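Chemist: got a predicted structure here, sequence first:
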There are 2 protein chains.
Amino acid sequence: MTLDVIPIHVLTQAPGEPGLTGNAPPLLRELAEQVSRLLKTGEPSAIDLSALPLTPADLDWLREKLGSGEISVTLQANGESTLNETACPGIWWVTHRNEQGAIASQFIEVTFVPELVKAHPQDVEIGREQLELMISDL
Amino acid sequence: MTLDVIPIHVLTQAPGEPGLTGNAPPLLRELAEQVSRLLKTGEPSAIDLSALPLTPADLDWLREKLGSGEISVTLQANGESTLNETACPGIWWVTHRNEQGAIASQFIEVTFVPELVKAHPQDVEIGREQLELMISDL
């Protein structure tokens, strides 16, 4: 990631747009570069929104600009995570919540498919062994 | 797929188990083989449940045996599709519905991640172009 090249503004309000800091539009440019990189090299990347000086209005603006796609993924593991494809395929809005339902972290991932959605071979192997046990009990 | 080796019974009722035909247990064995193949060769596979002589009771039995996993995926495209990981990682229960909400087809997929969840490079490229247009309009 090359977040150091994003010109992050201090938290001042842009005239006429309540709550917007001007920090969100550069993220769209960064995302366009990340998507280009994904297509050229297959390299996925992510922007940690929690680590950036973004207001709720900035996040709303960003989310509205990126739009909603066809795919939404829910993962239940120590709290709920949602991975929603945006209207830009390959860009996913990822929200992790804790067991109380509060947002623990929020990312924009640029990838063909988020890692979290993939089954890991070692888990598949454990599942296969359990399946064999279940079959032998039938 | 080697469905031809599954001993499919005719639709007779197993004694004492209303609605069960005996056709579901061999599918668990086939799935265990498909999972082994996935782990050995990376080759995904699928069982088209709509094409097999399974009663609703058979499907319920199968679904209960496979259990529920952590991940559920919803895809909205000419009707809703759901891709639910079972408690056996790498085995996904996939239901496609038509625009009226009726089940159009039903599969068990054996794969690390279902193809439908992946963004396709040509769609990512189209999205990238739209993103660039949006940025130039800011």
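Modeler: Here it is on my side, so go on. All of these numbers come straight from a predicted model, not from anything done at the bench.

Chemist: check what pLDDT the residue nearest to residue A:75 when sequence neighbours are not counted gets.
Modeler: Nearest residue to residue A:75, sequence neighbours excluded (Cβ to Cβ, 6 or more residues apart in numbering or on different chains): residue A:81, at 4.3 Å. C-betas here are computed from N, CA, C, even on glycine. Residue-level confidence at residue A:81 comes out at 98, pLDDT.

Chemist: note down every partner strand of the helix or strand hosting residue A:81 and its orientation.
Modeler: Taking DSSP states H and E as the definition, residue A:81 sits inside strand A:80-85. Counting by DSSP bridges, the strands paired with strand A:80-85 are strand A:71-76 (antiparallel), strand A:91-97 (antiparallel).

Chemist: ok, the residue nearest to residue A:75 - how many residues close by?
Modeler: 20 (other Cβ atoms under 10 Å in any protein chain shown).

Chemist: just residue A:65 next, same as before
Modeler: 19.

Chemist: enumerate every residue touching it.
Modeler: A:24, A:28, B:134 (Cβ atoms under 8 Å, 6 or more residues apart in numbering or on different chains).

Chemist: and the second one, how far from residue B:28?
Modeler: Noted for residue A:28: a distance of 48 Å to residue B:28, by Cβ to Cβ, to the nearest Å.

Chemist: before we move on, the earlier item: deepest-packed of the strands paired with strand A:80-85, please.
Modeler: strand A:91-97 (a mean of 21; mean count of other Cβ atoms under 10 Å in any protein chain shown).

Chemist: only the buried residues of the strand holding residue A:81, if you could.
Modeler: A:81, A:83, A:84, A:85 (16 or more other Cβ atoms under 10 Å in any protein chain shown).

Chemist: now check stretch A:39-56, is it near chain B?
Modeler: Yes. Judged by Cβ under 8 Å from any Cβ of the partner chain, stretch A:39-56 and chain B are in contact via residue A:39.

Chemist: export that stretch as PDB, just CAs?
Modeler: This file holds the C-alpha atoms of stretch A:39-56, laid out as PDB (Å, rounded to 0.1, in the frame of the first residue of the first chain):
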ATOM      1  CA  LEU A  39      -5.500  -6.200 -12.800                       C
ATOM      2  CA  LYS A  40      -1.900  -5.900 -13.800                       C
ATOM      3  CA  THR A  41      -0.200  -8.000 -11.100                       C
ATOM      4  CA  GLY A  42      -3.000  -9.800  -9.200                       C
ATOM      5  CA  GLU A  43      -1.800  -8.100  -6.100                       C
ATOM      6  CA  PRO A  44      -4.600  -7.400  -3.600                       C
ATOM      7  CA  SER A  45      -4.600  -4.400  -1.300                       C
ATOM      8  CA  ALA A  46      -6.600  -2.700   1.400                       C
ATOM      9  CA  ILE A  47      -7.300   0.600   3.000                       C
ATOM     10  CA  ASP A  48      -7.800   0.600   6.700                       C
ATOM     11  CA  LEU A  49     -10.600   3.200   7.100                       C
ATOM     12  CA  SER A  50     -10.300   3.100  10.900                       C
ATOM     13  CA  ALA A  51      -6.700   4.400  10.700                       C
ATOM     14  CA  LEU A  52      -7.600   7.500   8.600                       C
ATOM     15  CA  PRO A  53      -9.100  10.900   9.700                       C
ATOM     16  CA  LEU A  54     -12.500  10.300   8.200                       C
ATOM     17  CA  THR A  55     -15.800  11.600   9.600                       C
ATOM     18  CA  PRO A  56     -19.100   9.600   9.400                       C
END
